[in-house]
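A.B. asks: sequence? don't have it. structure:
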C-alpha cells in the first residue's frame with residue numbers, strides 16, 4: 001500500500017474510486033468549508049457523484065495527466081491534495097488542495113504538497129509548479145508562500161462560482177528554486 005507519513009497521526013495516500021463512500025462522508029463534513037475553493041465539492045453529493053469525481057482523477061492518473069491523494073488523520077479522511085493538471089512533456093503541473101476543519105492547523109497541506117512538488121521535480125523532471133487560488137483564500141495563499149512560491153499575478157474575474165465571478169491568483173515555483181532550498 002502506498003502511504004507517506006505526514007506526522008505521527010496523519011498520512012498521505014492515493015484516493016481512488018473504491019473509496020467513494022468514505023470520500024462522500026468526508027465531503028458531507030467538509031462541503032460548506034471547501035465548496036468556495038474546490039469546484040467538485042458541491043457536485044459530490046451522493047455515492048454516484050462522489051464515485052464519478054474519484055473516477056475522473058483515476059482516469060487522469062491513467063493518462064499521466066493528474067492525480068488525487070487523500071490525507072487521513074487518525075484513520076479518518078480529512079482532506080487531500082492533487083495534481084489538478086500534470087503535463088510531463090511540457091514540464092508543468094498545477095497542485096491543488098482542500099481540508100476540512102478537523103485537519104486544519106497541523107501543516108498537513110504544506111507537508112503533503114511538499115511531497116508532491118518534490119516528486120514532480122526530482123522524479124518526473126517537471127520545471128514549473130503552479131498553485132491557483134482566489135485572493136480571499138488566505139490559507140491557500142499562505143501555503144503557497146510556505147512552499148516558496150512567487151505570486152505571478154491575478155487573473156481578473158476568471159473563476160465562476162455559484163453565478164459570481166472571482167479573481168484567481170497564480171502562484172508558481174520553478175525547479176531550480178525548489179532544488180536550491
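C.D. replies: Looks like it arrived, so ask away. None of the values given here were measured: they were computed from a predicted structure.

A.B. asks: So, low pLDDT: which residues of the protein?
C.D. replies: Where the chain drops to pLDDT under 70, the residues are 1.

A.B. asks: Now do the helices in it.
C.D. replies: Counting by DSSP state H, the segments of the chain that form helices are 20-34, 47-62, 108-118, 138-146, 175-179.

A.B. asks: Now do the shortest one: distance to the chain's middle.
C.D. replies: Relative to its chain's centre, helix 175-179 lies at 20 Å (CA atoms, centre = their mean, to the nearest Å).

A.B. asks: and what of the second one?
C.D. replies: Taking CA atoms, centre = their mean, one finds helix 47-62 lying 15 Å from the centre of the chain it belongs to.

A.B. asks: same question, stretch 52-66
C.D. replies: 14 Å.

A.B. asks: What residues sit buried inside that stretch?
C.D. replies: Under the neighbour-count criterion of 16 or more other CB atoms under 10 Å, stretch 52-66 has 53, 54, 57, 58, 60, 61, 65, 66 buried. Placement of C-beta: from N, CA and C, glycine included.

A.B. asks: So what does the last one have for phi and psi?
C.D. replies: So that's residue 66. phi 170, psi 170 (degrees, to the nearest 10).

A.B. asks: how about the nearest residue to it, chain neighbours excluded?
C.D. replies: residue 60 (3.2 Å; CB to CB, 6 or more residues apart in numbering).

A.B. asks: so that neighbour touches residue 67, yeah?
C.D. replies: Yes - under the criterion of CB atoms under 8 Å, residue 60 makes contact with residue 67 at 6.9 Å.

A.B. asks: Give the intersection of the neighbour lists for the two.
C.D. replies: Shared contacts of residue 60 and residue 67, defined by CB atoms under 8 Å, 6 or more residues apart in numbering, are found at 83, 86.

A.B. asks: Out of the helices of the chain, which one sits most buried?
C.D. replies: helix 108-118 (a mean of 21; mean count of other CB atoms under 10 Å).

A.B. asks: coming back round to it: could you dump the helices of the chain to JSON lines with distance to residue 127?
C.D. replies: Compiled in JSON lines, the helices of the chain are given as follows (distance: least, CB to CB, whole Å):
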{"stretch": "helix 20-34", "distance to residue 127": "29"}
{"stretch": "helix 47-62", "distance to residue 127": "20"}
{"stretch": "helix 108-118", "distance to residue 127": "12"}
{"stretch": "helix 138-146", "distance to residue 127": "17"}
{"stretch": "helix 175-179", "distance to residue 127": "5"}
